[in-house]
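**Q** Fold the stuff below for me.
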Amino acid sequence: MTKMLQPMSDPLVVHLSDRWGGPTGSRARPGRRRVWTAARILTALTALGVLLALLTSQYCRINGWGGTGVYHWGCYSDVSALWSSRDFDQHPWAPFLSSYSAFEYPALTMFLASVLAAATHGIDAVLGGTALDYWGERTGLLYWDVTFLAGALAWFVLTLAVLKAAGTRPWKAAIVALSPAIIFGVGINWDIFPAATLALAVLFCLRRKWLIAGVLLGIGASFKLYPLLLLGAVFTLAARTYLRRESHDDAVQWADCAKLALGGVLAWALINIPVMMGNFGAWGEFYVFSAERGAGWSSIWQVWGVMSGSPLPAEAVSGWSFGLFAASCAAVLVIGVTARQRPDVVQLLLLIAAAFMIFNKVYSPQFMLWLVPLIALAGLRLRDVLIWHAFQLLHFWAIWMHLAAQVSEAEPQHLFDENIYVAAVFGHVLSTVYICAMVIRRMYRAQSEPASVPW
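**A** Residues are numbered from 1 along each chain as shown. Model prediction:
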């Protein structure tokens, strides 16, 4: 049987409700017919989040994405940078053509970026030179706007997926709707799309629609690899069922895990094989780049080089990164099997994704939005969510100021101290470790304290 949920008892939420909203009134009674349902309110909150995200990028939209201003104003974007550097301005399907620059992203992101580039060229051809032509010669601005609009739609999907997955606690999705991590990170890259796809896959896992969840898993992995980590979470639950001889109706079986994997393989193959056959070199660019790259910005490996003065070679970074992540996955498997309270898929996925991010070769600023929907569903207190966000935003500004210092000719007293950048990297790592510790602590609590999202 699915575990029943307790009423909201988060101390910080209760405190804020008493101070700002007062006691619960008649309009909050269950069963009351009302216009402003949870879904509509959360949609409106997401619209507010989209507006705030757009406002945070206004400096770059007005002044362009060049110079140190993009760092000082925190609005740098790969989307606008790659418009010209990856030849989208010359041909919308440049990533698939050997005569243009390589595009170091997975197949579905290649396709999405090209579709949006084709839309940009089409809009410019139709509206260029008219009264609606606000971009002029700056087609990179139009490309960013088109991509941002698509990302905003994905954000709405992400919020509503979390709303549905949260069951009787729909307001958990408000964390996604107004997350500062998403507000500041959504315009940097295309990461909102795999995040939304993964959230849908989790939703269908919770509904035990394993094959559909697997298809979504394959789609998400074709955007970015990290949605594959869902398979590890479901594998852990299946192992727990087998080793502990659990017989609950909603226990995860090996057959469920196999259905998830089958759906993922089929979807991934249908998306990737045509690209491989059309231009294997373009398809493999992402995998070659990922394998050969060394320590990237804000990773523990890059900070090691900063502190020691001797950066690790790319081969060593690859070995240590893979080894520590594999060890973390083994630890999550042990935790999932031995936990006193049966974990849900979100909690295990959060632990695996967090380990992947901590030990990855690079920690780009937009990566923080990966964890937001998982944190929202993992049964954490609002206090813990706010602590994590605070350190993520500290890192967000620290990396931009650090990069500004690399290219600026200003005097040292006007630049960001490198020690603050190093401290901010440790902050984002430790805040993620803290979140994981809170999740693990919840797993080992008494059975009388259920998780906010039942399995």
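
**Q** So residue 154 is in contact with residue 194, correct?
**A** No: under the criterion of C-beta atoms under 8 Å, residue 154 makes no contact with residue 194, lying 9.2 Å away. In short, each C-beta sits where N, CA and C put it, glycine included.

**Q** More neighbours: which of those two?
**A** Neighbour tally, residue 154 and residue 194, criterion other C-beta atoms under 10 Å: the higher count belongs to residue 194, 23 against 20.

**Q** Flag the shaky bits of the chain, pLDDT-wise.
**A** Along the chain, segments meeting pLDDT under 70 span 1-33, 410, 413-414, 446-455.

**Q** how close does the residue nearest the centre of it sit to residue 229?
**A** Taking C-alpha atoms, centre = their mean, the centroid of the chain lies closest to residue 370, which sits 1.8 Å from it. To residue 229, residue 370 is 10 Å away according to C-beta to C-beta, to the nearest Å.

**Q** Now the common contact residues for these two.
**A** Common contact partners of residue 370 and residue 229 (C-beta atoms under 8 Å, 6 or more residues apart in numbering): residue 353.

**Q** Which stretches in the stretch 101-250 of the chain count as helices?
**A** 107-127, 139-165, 174-177, 180-185, 192-206, 210-223, 229-243 (DSSP state H, counting those that start in this stretch).

**Q** which residues are contacting the third one?
**A** Looking back up the chat, that one is helix 174-177. Applying C-beta under 8 Å, 6+ apart, the external contacts of helix 174-177 come out as 42, 45-46, 48-49, 158-159, 162, 182, 372-373, 375-376, 385.

**Q** For that helix, buried residues please.
**A** Buried positions in helix 174-177, judged by neighbour count with 16 or more other C-beta atoms under 10 Å: 174-177.

**Q** Next, format the helices of the stretch 101-250 of the chain as JSON lines and append distance to residue 441.
**A** Putting these into JSON lines (distance: least, C-beta to C-beta, whole Å) gives the following:
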{"stretch": "helix 107-127", "distance to residue 441": "36"}
{"stretch": "helix 139-165", "distance to residue 441": "22"}
{"stretch": "helix 174-177", "distance to residue 441": "19"}
{"stretch": "helix 180-185", "distance to residue 441": "23"}
{"stretch": "helix 192-206", "distance to residue 441": "22"}
{"stretch": "helix 210-223", "distance to residue 441": "28"}
{"stretch": "helix 229-243", "distance to residue 441": "18"}
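
**Q** Nearest to residue 389 among the ones you listed would be which one?
**A** Closest approach to residue 389 among the helices of the stretch 101-250 of the chain is made by helix 180-185 (5.4 Å; C-beta to C-beta).

**Q** Pull the CA coordinates from that closest one and hand them back as CSV.
**A** C-alpha atoms of helix 180-185 as CSV (Å, rounded to 0.1, in the frame of the first residue of the first chain):
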residue,chain,number,x,y,z
PRO,A,180,16.6,31.2,-7.8
ALA,A,181,18.7,28.4,-9.3
ILE,A,182,16.4,28.2,-12.2
ILE,A,183,15.8,31.9,-12.5
PHE,A,184,19.5,32.6,-12.8
GLY,A,185,20.4,29.4,-14.7
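
**Q** Check the offset of that helix from the chain's centre.
**A** Centroid separation for helix 180-185 versus its chain: 10 Å, with C-alpha atoms, centre = their mean, to the nearest Å.

**Q** ditto for stretch 37-45
**A** Relative to the chain's own centre, stretch 37-45 is displaced by 21 Å; criterion: C-alpha atoms, centre = their mean.

**Q** can you list contacts of that stretch?
**A** Residues from elsewhere that reach stretch 37-45 (C-beta under 8 Å, 6+ apart): 156, 159-160, 163, 170-171, 173-174, 177-178.

**Q** Same check on stretch 133-146?
**A** Residues from elsewhere that reach stretch 133-146 (C-beta under 8 Å, 6+ apart): 57, 61, 64-65, 77, 79-80, 83-84, 88-89, 116-117, 119-121, 123-124, 127, 187.

**Q** got it, and stretch 292-310?
**A** 311-314, 317, 320-321, 358-365, 395, 399, 403, 418, 421-422, 425-426, 428-429.

**Q** which of those are buried?
**A** Among these, those classed as buried by 16+ other C-beta under 10 Å are 312, 317, 320-321, 358-365, 395, 399, 403, 421-422, 425, 428-429.

**Q** Give me the distance between residue 157 and residue 268.
**A** Relative to residue 268, and taking C-beta to C-beta, residue 157 is found at 20 Å.

**Q** Count the neighbours of residue 327 for me.
**A** 12.

**Q** Enumerate every residue touching residue 320.
**A** 301, 312, 359.

**Q** In helices, which of those residues fall?
**A** Counting by DSSP state H, the part of the contacts of residue 320 found in helices is 301, 359.

**Q** Out of the contacts of residue 320, the closest to residue 34 would be?
**A** Nearest to residue 34 among the contacts of residue 320, counting by C-beta to C-beta, is residue 359 at 46.8 Å.

**Q** Surely the closest one is in contact with residue 326?
**A** No: if you go by C-beta under 8 Å, residue 359 and residue 326 don't touch, sitting 9.3 Å apart.

**Q** any idea how far residue 404 lies from residue 197?
**A** 33 Å.
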